[in-house]
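S.K.: Need the 3D shape of this:
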Amino acid sequence: MKRFILIIVVAVVCLGGTVWYLFASTVRGLTDAQVALEKKDYAEALRLLTPLAENGVAQAQVNLGYMYHTGLGVDVNFNISTDLYRKAANKGDTVAQFNLGLLYETGQGVPSDRSQALYWYRLAADGNYPFAQYKLGGAYDAGLGVAKNDATAFNWYEKAANGGVPESMYNVGSMYLNGLGVSQDDAKAYAWLEKCSELNLSNCQNALGLMHHDGRSVPVDYKRALELFEKAANQGDAYAQYNVGGVYYRGDGVEQSTSKAAEWFRKAAANGHESSQRILDQMTEAGLLVKG
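M.R.: Model (predicted):
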């Protein structure tokens, strides 16, 4: 009996050593593949990821799927990326679930199917993947594939914002600002808009600039407002370009300048901002600008 027990123990130890070796080998392969991707050595990444993916390693399937999805070192092949994402998604990988949702939303490699997109987004969101939470917030915000529901949209946006998604921070701030899906609260709106403004998101900078300009939650501060408007405007944000133009047109905390105002209104108009074009037309009719 004692000998039999000893044999079993030895067998277990040997098996444990094999499992540990395979685990360490997998981790090393994934790590080396990640380094290769970061160095844009796609041939090496492909060499390392392919056998791991074939052996059912979810993270390798996701990374290899992404390579075929975006054409990193290989020809774009949505069929392969879909197959790899699905295998990893069925193992519960939230990144794969999200990416599979994207393919269904855009109809790449699979027929466009919003209900399937939402199914995979929801799985990833329930697994606490922030970008999927942002996508669900957008669906409820716009009523895409689900009944429009501002409160539900806010809840998903808030989860995504807490997960670090800048666009969701903007949406949460805007919803607090306007009382959509949540009680109106200028202070909370300001806090969220300030957070994503620091991440250099132009619409956050513009919205925060408006709060300083109009004195919402903070004292009126035209200088700070202009600084924020200009940061966003220099990123090509048409609304911010319009607001910079407005500051110079009215002379809000700066020397009034028709020429500077027109310069920014033209930039905004070129970016499709219709109100800027109307103001330019009015300025021209009033003789403030030379036609042509």
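S.K.: what number of residues lie near E285?
M.R.: 10 (other CB atoms under 10 Å). Every C-beta, even on glycine, is put in place using the N, C-alpha and C of the backbone.
S.K.: got a list of what it touches?
M.R.: By CB atoms under 8 Å, 6 or more residues apart in numbering, the contact set of E285 is empty.
S.K.: now swap in A207 and tell me
M.R.: Contacts of A207 (CB under 8 Å, 6+ apart): Y170, G173, S174, L177, L193.
S.K.: Spatially, what comes nearest to M283 if we skip its sequence neighbours?
M.R.: Closest residue to M283 apart from its sequence neighbours, by CB to CB, 6 or more residues apart in numbering: L289 at 4.8 Å.
S.K.: picking that back up, which one of the contacts of A207 has the most neighbours?
M.R.: Across the contacts of A207, neighbour numbers were computed from other CB under 10 Å; L193 holds the maximum, 29 neighbours.
S.K.: How about that residue, nearest residue that isn't a chain neighbour?
M.R.: G173 (4.0 Å).
S.K.: and that neighbour, what element?
M.R.: helix 166-178 (DSSP states H and E).
S.K.: I'd like the average pLDDT over that helix.
M.R.: When pLDDT is averaged over helix 166-178, the result is 98.
S.K.: Helix 166-178 and the very next helix or strand once past it, what's the angle between them?
M.R.: Sequence order places helix 186-197 as the next helix or strand after helix 166-178, per DSSP H and E. In terms of direction (axes from the mean of the first three to the mean of the last three CA atoms, to 10 degrees), helix 186-197 departs from helix 166-178 by 160 degrees.
S.K.: From the chain's centroid, how far away is the helix or strand following helix 186-197?
M.R.: Counting by DSSP H and E, the next helix or strand C-terminal to helix 186-197 is helix 202-214. Its chain's C-alpha centre and that of helix 202-214 lie 20 Å apart, by CA atoms, centre = their mean, to the nearest Å.
S.K.: the inter-axis angle of helix 202-214 versus helix 186-197?
M.R.: Going by the same axes, to 10 degrees, helix 202-214 makes 140 degrees with helix 186-197.
S.K.: and helix 202-214, which residues are buried?
M.R.: Going by neighbour count (16 or more other CB atoms under 10 Å), the buried part of helix 202-214 is S202, N203, C204, Q205, N206, A207, L208, G209, L210, M211, H212, H213.
S.K.: In TSV, list those residues along with distance to L64 and pLDDT.
M.R.: TSV is the format used below for the buried residues of helix 202-214 (distance: CB to CB, whole Å; pLDDT from 0 to 100):
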residue	distance to L64	pLDDT
S202	34	98
N203	35	97
C204	35	98
Q205	38	98
N206	40	98
A207	40	98
L208	41	98
G209	44	98
L210	45	98
M211	45	98
H212	48	98
H213	49	98
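S.K.: quick one: the closest residue to S197 other than its chain neighbours and D150, what's the gap?
M.R.: Distance criterion CB to CB, 6+ apart; nearest residue to S197, sequence neighbours excluded, is C204 at 4.3 Å. Remark: distance between C204 and D150 (CB to CB, to the nearest Å) = 20 Å.
S.K.: This completes my enquiry, with thanks.
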